[in-house]
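Q: structural data only, the sequence is not supplied:
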């Protein structure tokens, strides 16, 4: 027999009584529950189960067919089968999830209105007072997001009533023509529709607030594009208000720092980016010229009958390797070259007649840089995470070669 899902009619209920009908390694099954299982982008509820001889923590709720599995915390003792228990919901968390879920309904409907139906939700992922909205069909640039936020928060301030309707799934669109519903996904013949009076309707099994005013506020904290989706990160309630205050402060600080008012802030930053790119291009050109000069005038140091090249050059990895191979084509030659073009890269080589093994030298040098590498006695390469100790690594390599050459 399917468990009675009390949260559908009483989302604000915080405690209930039930009987344990089954135990398993996944958790406890009750004959009735207020715990909402994970589903539709909403995480499962948490709380406690209390009975005459004990108490245990519920850390998650998962759906399994017609049952709800109450997942218990580690190292806890479940109530025996047949026991009457009192379940208590973590209502602080539940309310935060309801703010997020009702806020998501309001936010997407606002987006739908602004984009004139072009946008479609492919997925939601909720958390306490926030989540992510995966939207397809529209790029959602920031002006569109701003208009959507304005409409969404107008709906919040209007404190519109939210209620649930149970309708034959084939008749939902007849009563709510703009309802979000995928009829093929509805189990059975009846759809549960969450209605924001005169604003939104959507088939949904989640828990929701009584009115939009309880959401408090809605804020967008970020936008990312991946594949064909635009992912909007959003907050509700106190987290949204805190974010809006923080964002206002940061924009004010940037405005003062750049001596630009709000309207000039974006073009000012764009100009700085353009200038930075131009300077970076000039730097790369100068570095390339410097590298050519170094290569033209690079002279080896005589060491125990060997010719040793030990240099840090502003070259690409491929050019470093190519230069090492060119240098060790000479007789009794060792080349220890490094690049700090991006992350540090080292390439060490020795001619066949040099009689030194550069592989262990390379590994020890790379270890100073938080990296690694390897290779053959006559050629090895590797890298590291930071150039902070690159000079030290090269000096260590030089001294290790000197030890080998003099032994």
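A: Yes, it's here. Treat the numbers as computed from the prediction; the structure is a model and nothing was measured.

Q: quick one, helices of the stretch 151-300 of the chain?
A: Taking DSSP state H, counting those that start in this stretch as the criterion, the stretch 151-300 of the chain contains helices spanning 172-175, 237-258, 262-297.

Q: in CSV: those helices, plus distance to residue 374, mean pLDDT and mean neighbour count.
A: (Each C-beta comes from the backbone N, C-alpha and C, glycine too.) Output for the helices of the stretch 151-300 of the chain, formatted as CSV (distance: least, C-beta to C-beta, whole Å; pLDDT from 0 to 100; neighbours: other C-beta atoms under 10 Å):
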stretch, distance to residue 374, mean pLDDT, mean neighbour count
helix 172-175, 64, 88, 15
helix 237-258, 46, 95, 14
helix 262-297, 26, 88, 11
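
Q: just confirm residue 359 contacts residue 380, I think it does.
A: Yes: between residue 359 and residue 380 there is a contact at 4.4 Å, judged by C-beta atoms under 8 Å.

Q: neighbour count: these two, which is higher?
A: When residue 359 and residue 380 are compared for neighbours, residue 380 comes out ahead with 24 against 18, by other C-beta atoms under 10 Å.

Q: could you list every helix and strand in contact with the one helix or strand residue 124 maps to?
A: Mapping residue 124 onto the secondary structure by DSSP states H and E places it in strand 120-127. Other elements packing on strand 120-127 under the criterion 3 or more C-beta pairs under 8 Å, 6 or more residues apart in numbering; DSSP states H and E are helix 91-114, strand 130-136.

Q: what comes into contact with that strand?
A: 40-43, 97, 100-101, 104, 108, 131-137, 180, 229 (C-beta atoms under 8 Å, 6 or more residues apart in numbering).

Q: narrow the residues you listed to just the buried residues.
A: Restricting the contacts of strand 120-127 to buried positions leaves 41-43, 97, 100-101, 104, 108, 131-135, 180, 229, with burial counted as 16 or more other C-beta atoms under 10 Å.

Q: farthest-apart pair in the residues you listed, please.
A: Greatest spacing in these, by C-beta to C-beta: 97 and 229 (22.8 Å).

Q: turn the helices and strands packed on strand 120-127 into CSV, columns for distance to residue 151 and mean pLDDT.
A: Output for these, formatted as CSV (distance: least, C-beta to C-beta, whole Å; pLDDT from 0 to 100):
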stretch, distance to residue 151, mean pLDDT
helix 91-114, 4, 97
strand 130-136, 15, 94
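
Q: of all these, which one is nearest residue 144?
A: Among the helices and strands packed on strand 120-127, helix 91-114 comes nearest to residue 144, with 5.7 Å by C-beta to C-beta.

Q: for that closest one, name the packing helices and strands.
A: strand 120-127, strand 130-136, helix 142-157, strand 190-196, strand 200-203, strand 218-226, strand 229-236, helix 237-258.

Q: the fourth one to helix 91-114, inter-axis angle?
A: Between strand 190-196 and helix 91-114, the angle comes out at 80 degrees (axes from the mean of the first three to the mean of the last three C-alpha atoms, to 10 degrees).

Q: each with direction, which strands does strand 190-196 pair with?
A: Listed by DSSP bridges, the sheet partners of strand 190-196 and their directions read strand 162-168 (antiparallel), strand 200-203 (antiparallel).

Q: repeat that for the second one.
A: Applying DSSP bridges to the sheet, strand 130-136 is found paired with strand 120-127 (antiparallel), strand 229-236 (antiparallel).

Q: of those strands, which approaches residue 404 most closely?
A: Of all the strands paired with strand 130-136, strand 229-236 sits nearest to residue 404, with 55.0 Å by C-beta to C-beta.

Q: got a list of what residue 47 touches?
A: 35, 57, 58, 87, 88, 89, 90.

Q: ugh, wrong one, residue 98
A: Counting by C-beta under 8 Å, 6+ apart, residue 98 makes contact with 11, 206, 207, 208, 209, 214.

Q: tell me how many other residues surround the closest residue to residue 368 other than its chain neighbours.
A: When the adjacent residues along the chain are set aside, residue 368 lies closest to residue 393, with 4.3 Å between them (C-beta to C-beta, 6 or more residues apart in numbering). Applying the criterion other C-beta under 10 Å, we find 25 residues in the vicinity of residue 393.

Q: check whether residue 393 sits in a helix, strand or coil.
A: Three-state assignment for residue 393 (DSSP: H, G, I helix; E, B strand; the rest coil): helix.

Q: which residues are contacting stretch 8-27?
A: 3, 6-7, 28-34, 36, 58, 62, 64, 67, 69-72, 78-89, 91, 94, 98, 164, 192, 205, 207-208, 210.

Q: which of the residues you listed fall within strands?
A: For the contacts of stretch 8-27, membership in strands holds for 28-30, 32-33, 58, 62, 64, 67, 69-72, 84-89, 164, 192, with DSSP state E as the criterion.

Q: one step back: list residues touching both of residue 359 and residue 380?
A: By C-beta under 8 Å, 6+ apart, residue 359 and residue 380 have these common neighbours: residue 374.

Q: can you flag the buried ones in the ones in strands among the contacts of stretch 8-27?
A: When these are checked for burial by 16+ other C-beta under 10 Å, the buried set is 28-30, 33, 58, 62, 67, 69-72, 85, 87-89, 192.
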